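Visitor: Got a predicted structure plus its sequence, pasted below:
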Amino acid sequence: LISGTRVLITDNTAFHVLQVQNDLVTAFAGSWPQLTTYPSAYLARLLRPSGLCARLDGSLLVMDAGAERIFSVTDPDQLTTFAGVLYPTGYSGGDGGPAIAAQVNQPRRFACASNGNVYFTHGRRIRVINTQGIIQTVLSSVQVTGTSSGVTFSTSLNDPTGIVIDGQGRLVFSEASLNRVIRYDPATRVGTLIAGTGVAGFSGDGAAAIDAQLSSPGDLAFDSQGNLLIADRANGRIRSVSPSGIINTIAGSSRGFSYADISGQPATSIGLGAIEGMTIDASDRIYLTETPRLSVIQPDGRIYVVAGFVSQNDEGVITYLNGPMNGCDGVAVDGNGQVYLSLAQAGQVMLVLPNGDPGPVPFIRQVGVHSATSFGAFSPIFRGNFQGSWINIYGANLASGPSQASASGLNGGQMPTLLAGTTVSIAGQAAFISYVSPGQINAQVPATTPLGNQEITVTTAAGASQPYSITIEARPVRLFTPAAFSLG
């Protein structure tokens with residue numbers, strides 16, 4: 001409270017402070033860019049990515065629970081806003097209007113329909129965004145039948161989380177705080193209890209799912225046989241409900257998170273932590289996330305770590321596969337078998353490729369090449385790309401991961417021209433490379449590069465990028481110096 005007239009409120013999800021004065025809410029300090037189109041998906045900053053959905057058109061929808069926005073990612077490096085704007089810029093609700101101007105507080109999970117509509121859970125309701133980008137509330141309360149007692153009851157939605165569409169176009173959703181799963185038919189506007197008694201706990205395997213206890217159920221998915229899979233999150237299990245309504249555990253046990261390597265073990269014999277995310281592919285491979293790792297359950301029922309934490313020995317030494325994963329959350333699989341993983345703590349979305357798939361070809365974005373050479377106080381004079389100067393190349397899919405050239409990798413005292421499987425060609429000549437990552441390469445223009453317009457291409461195991469044109473300029477005398485260097 002300031003001077004008795006103003007109230008300042010910190011908004012730690014958007015990194016700013018709001019001011020309330022005379023019944024008006026305005027920004028007081030800090031900012032968070034709420035763009036419609038972002039220059040680069042790779043370079044964009046996400047606060048807390050969570051739910052993911054791979055759409056039939058090849059795009060990927062990403063929920064940013066921290067920013068309370070939904071983004072669409074398209075190849076090769078495009079990020080656009082699909083829905084959501086943070087208060088006070090947006091207007092409350094927004095039903096009947098454009099989704100990009102509506103508030104989507106506490107967004108959780110998606111269900112992408114074959115007709116292009118996108119259903120998602122957030123707050124205490126389920127909403128849909130149609131193909132024209134208009135948002136509507138589908139459900140905020142529901143009449144529920146199918147209880148073991150035969151009683152029909154009406155209830156407001158409470159913490160809807162996972163959501164999936166069944167073969168008849170009905171919505172199936174979980175309510176984490178009420179420990180149950182409900183199916184809703186938009187045609188009849190009636191809900192049917194599928195699983196859970198409403199009381200947190202673990203019980204009921206081998207019997208009717210409506211009499212079984214769940215604990216904070218999350219993601220949902222259907223396998224090829226019509227079984228409904230439930231991420232029984234707080235129980236550290238995956239439960240399966242048959243078309244006849246019988247529930248069984250197909251992964252996890254009472255042992256809790258396993259610090260030993262679980263790969264190759266029957267999924268029902270190992271301990272799992274809280275299951276943050278779950279999905280299934282066309283071959284009935286089940287992908288699941290716990291906070292430090294992504295795993296897959298093969299159709300034979302055995303589980304394997306795909307990325308992240310593998311094991312920890314008695315001395316505390318941790319083994320990782322494909323490096324540590326910070327805050328594994330949402331997971332989605334596209335039609336090509338590529339797996340997408342959101343890392344809530346790292347603010348990233350990762351692509352996990354099937355064996356033998358090199359991934360998408362490199363892409364150099366527009367205005368994606370910049371001089372990286374410093375000429376001290378003379379830098380304003382010597383702007384441009386010169387023979388022997390260093391350049392930064394920005395884009396997407398430029399490398400499989402970050403790698404820095406080291407002294408042990410020098411060849412005859414020279415920087416490598418191949419680093420982590422990535423090469424750079426400038427005017428047909430191999431360029432020395434000091435650093436690569438999926439979004440950036442640091443390379444040196446060969447000293448013998450002809451002057452004038454020349455082409456740059458980046459090549460990985462996936463193929464070569466489209467040529468990018470730059471102008472090589474002549475400078476008779478150049479002194480490479482730190483930026484702070486000056487004369488006089």
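Guide: Noted; the coordinates are in hand. Residues are numbered from 1 along each chain as shown.

Visitor: who does the nearest residue to Gly94 once chain neighbours are set aside bridge with?
Guide: Among residues not flanking Gly94 along the chain, Ala102 sits closest, at 2.5 Å (Cβ to Cβ, 6 or more residues apart in numbering). In this view, the C-beta of every residue, glycine as well, is placed from N, C-alpha and C. Going by DSSP bridges, Ala102 is paired in beta bridges with Tyr91.

Visitor: wait, isn't Ala102 in contact with Thr81?
Guide: No - look at Ala102 against Thr81 with Cβ atoms under 8 Å: they stay out of range, at 11.1 Å.

Visitor: Buried residues, the worst-scoring helix or strand of the chain on mean pLDDT. List them.
Guide: Ranking every helix and strand in the chain by mean pLDDT, DSSP states H and E puts strand 24-30 at the bottom, with a mean of 77. Residues Phe28 are the ones in strand 24-30 that count as buried (16 or more other Cβ atoms under 10 Å).

Visitor: Go ahead and produce PDB holding the CA coordinates of it.
Guide: Extracted C-alpha coordinates of strand 24-30, given in PDB (Å, rounded to 0.1, in the frame of the first residue of the first chain):
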ATOM      1  CA  LEU A  24      -8.000   0.900 -12.400                       C
ATOM      2  CA  VAL A  25      -5.300  -1.700 -12.900                       C
ATOM      3  CA  THR A  26      -2.200  -0.700 -14.800                       C
ATOM      4  CA  ALA A  27       1.400  -1.900 -15.100                       C
ATOM      5  CA  PHE A  28       3.700  -0.300 -12.600                       C
ATOM      6  CA  ALA A  29       7.000  -2.100 -13.200                       C
ATOM      7  CA  GLY A  30       8.400  -4.900 -15.400                       C
END
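
Visitor: Walk me through which strands that strand pairs with, and which way each runs.
Guide: strand 16-21 (antiparallel).

Visitor: Looking at the residue nearest to Gly94 now. What's its pLDDT?
Guide: You'll see Ala102 listed with a pLDDT of 90.

Visitor: Now the closest residue to Ala41 other than its chain neighbours: which helix or strand?
Guide: Nearest residue to Ala41 in three dimensions, chain neighbours excluded: Leu79, at 3.8 Å (Cβ to Cβ, 6+ apart). Using DSSP states H and E, Leu79 maps to strand 78-83.

Visitor: buried set for the helix or strand following that strand?
Guide: Per DSSP H and E, the first helix or strand lying C-terminal to strand 78-83 is strand 107-112. Using 16+ other Cβ under 10 Å as the test for burial, strand 107-112 gives Pro107, Arg108, Arg109, Phe110, Ala111, Cys112.

Visitor: How about stretch 445-463?
Guide: Val445, Pro446, Thr449, Gln454, Ile456, Thr457, Val458, Thr459, Thr460, Ala462.

Visitor: Repeat that for stretch 183-195.
Guide: For stretch 183-195, the neighbour count (16+ other Cβ under 10 Å) marks Arg183, Tyr184, Gly191, Thr192, Leu193, Ile194, Ala195 as buried.

Visitor: from those residues, which is closest to Tyr119?
Guide: Tyr184 (10.3 Å; Cβ to Cβ).

Visitor: what residues are up against the closest one?
Guide: Residues in contact with Tyr184 (Cβ atoms under 8 Å, 6 or more residues apart in numbering) are Ile126, Leu139, Val142, Arg170, Leu171, Val172, Phe173, Val190, Gly191, Thr192.

Visitor: quick one on the thing from earlier: mind putting the buried residues of strand 107-112 in TSV, pLDDT and distance to Ala405 included?
Guide: Putting those into TSV (pLDDT from 0 to 100; distance: Cβ to Cβ, whole Å) gives the following:
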residue	pLDDT	distance to Ala405
Pro107	91	41
Arg108	94	43
Arg109	97	42
Phe110	94	41
Ala111	97	45
Cys112	96	42
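
Visitor: out of these, who's nearest Ala234?
Guide: Arg108 (15.6 Å).

Visitor: how far away is the closest residue in space to Leu288 that isn't next to it in sequence from Asn179?
Guide: Distances taken as Cβ to Cβ, 6+ apart place Met278 nearest to Leu288, at 4.7 Å, with adjacent residues excluded. According to Cβ to Cβ, to the nearest Å, Met278 stands 17 Å off from Asn179.

Visitor: And for Thr161?
Guide: Between Thr161 and Asn179 the distance is 11 Å, computed by Cβ to Cβ.

Visitor: Ok, Ala251 next?
Guide: For Ala251 relative to Asn179 (Cβ to Cβ), the value is 19 Å.

Visitor: Same question for Ser389.
Guide: For Ser389, the distance to Asn179 - Cβ to Cβ - is 62 Å.

Visitor: Packing partners of the helix or strand containing Ile163?
Guide: Secondary structure assignment for Ile163, by DSSP H and E: strand 160-165. Applying 3 or more Cβ pairs under 8 Å, 6 or more residues apart in numbering; DSSP states H and E, one finds that strand 160-165 contacts strand 107-112, strand 118-122, strand 125-129, strand 171-175, strand 217-222, strand 228-232.

Visitor: Could you dump those strands into a markdown table with distance to Pro324 added?
Guide: Listed next are the helices and strands packed on strand 160-165 as a markdown table, based on distance: least, Cβ to Cβ, whole Å:
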| stretch | distance to Pro324 |
| --- | --- |
| strand 107-112 | 25 |
| strand 118-122 | 29 |
| strand 125-129 | 34 |
| strand 171-175 | 29 |
| strand 217-222 | 23 |
| strand 228-232 | 22 |
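
Visitor: between these, which gets nearest to Gly337?
Guide: Nearest of these (Cβ to Cβ): strand 217-222, 15.5 Å.

Visitor: Please work out the angle formed by the directions of that closest one and strand 228-232.
Guide: When axes from the mean of the first three to the mean of the last three Cα atoms, to 10 degrees is applied, the directions of strand 217-222 and strand 228-232 differ by 160 degrees.

Visitor: ok, strand 217-222: who's next to it in the sheet?
Guide: Here strand 217-222 is paired, per DSSP bridges, with strand 228-232 (antiparallel).

Visitor: Contacts for the partner strand, please.
Guide: 162, 164, 172, 174, 181, 194-195, 202, 214-223, 238-241, 249-250, 252, 275, 277-278, 280, 286, 288.

Visitor: Could you pick out the buried ones from those residues?
Guide: Neighbour counting by 16+ other Cβ under 10 Å classes 162, 164, 172, 174, 181, 194-195, 202, 214-223, 238-241, 249-250, 252, 275, 277-278, 280, 286, 288 among those as buried.

Visitor: tell me how far the ends of stretch 101-108 are from each other?
Guide: Stretch 101-108 has an end-to-end distance of 18 Å (criterion: Cα to Cα, to the nearest Å).

Visitor: Any idea how far it is from the middle of the chain?
Guide: Relative to its chain's centre, stretch 101-108 lies at 17 Å (Cα atoms, centre = their mean, to the nearest Å).

Visitor: List the buried residues for that stretch?
Guide: Ala101, Ala102, Gln103, Val104, Pro107, Arg108.

Visitor: ok, so of those residues, who is nearest Arg55?
Guide: For these, the nearest to Arg55 is Pro107 (16.5 Å; Cβ to Cβ).

Visitor: Check which helix or strand the nearest residue to Thr471 once chain neighbours are set aside maps to.
Guide: Nearest residue to Thr471, sequence neighbours excluded (Cβ to Cβ, 6+ apart): Asn453, at 5.6 Å. Taking DSSP H and E as the definition, Asn453 sits inside strand 452-460.

Visitor: Just the mean pLDDT for that strand, thanks.
Guide: Rounded mean pLDDT across strand 452-460 is 96.

Visitor: Check the spacing between Trp390 and Gly330 real quick.
Guide: Taking Cβ to Cβ, one finds Trp390 at 38 Å from Gly330.
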